[in-house]
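Student: the following block contains a protein sequence and its predicted model.
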Amino acid sequence: MLPITMVTLGLFSFIINAELFYLVSVFVEGFVVDSFLWALIGSITFGVLNFVLNLIFVSKSTKTARVNFNFRGFKNEAPKKYGDVIDVELEPEKKKELKS
């Protein structure tokens, strides 16, 4: 569903909500939707009302998100004592010292 929602710039969400309104009318006895057109109108009304209420009641600090990007690149430097060496092996005498 996400690709079609992105292609329609979010307008497909009104169709999804209209389908849900219509489905609710099937299961809930007191909730009646005569046609898909009325479900779509209800979906648009619900979306606009939700937008307005979010503008009024939701604080600005909860609406924003901070994202940091690091464009310095990947740093995988060898320790300075080894310089540009990729692999370091100990001399045989040093291996014996480490084992004991």
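Tutor: Cool, got the structure.
Student: dump stretch 16-24 to CSV, restricted to CA.
Tutor: Extracted C-alpha coordinates of stretch 16-24, given in CSV (Å, rounded to 0.1, in the frame of the first residue of the first chain):
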residue,chain,number,x,y,z
ILE,A,16,-8.4,3.3,2.6
ASN,A,17,-10.3,5.3,5.2
ALA,A,18,-13.5,5.2,3.0
GLU,A,19,-13.1,1.4,2.7
LEU,A,20,-12.8,1.2,6.5
PHE,A,21,-15.9,3.4,7.0
TYR,A,22,-17.8,1.1,4.6
LEU,A,23,-16.5,-2.0,6.4
VAL,A,24,-17.6,-0.7,9.8
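Student: buried ones in that stretch, by neighbour count?
Tutor: For stretch 16-24, a neighbour-count test (16 or more other Cβ atoms under 10 Å) marks Asn17, Ala18, Phe21, Tyr22 as buried. Where C-beta positions appear, they are placed from N, C-alpha and C, glycine not excepted.
Student: so where does Ile15 fall, helix or strand?
Tutor: Here Ile15 sits within helix 12-27, counting by DSSP states H and E.
Student: name the helices or strands packed onto that helix?
Tutor: With contacts taken as 3 or more Cβ pairs under 8 Å, 6 or more residues apart in numbering; DSSP states H and E, helix 12-27 sits against helix 2-7, helix 36-57.
Student: so what does the shortest one touch, helix or strand wise?
Tutor: It stands for helix 2-7. helix 12-27.
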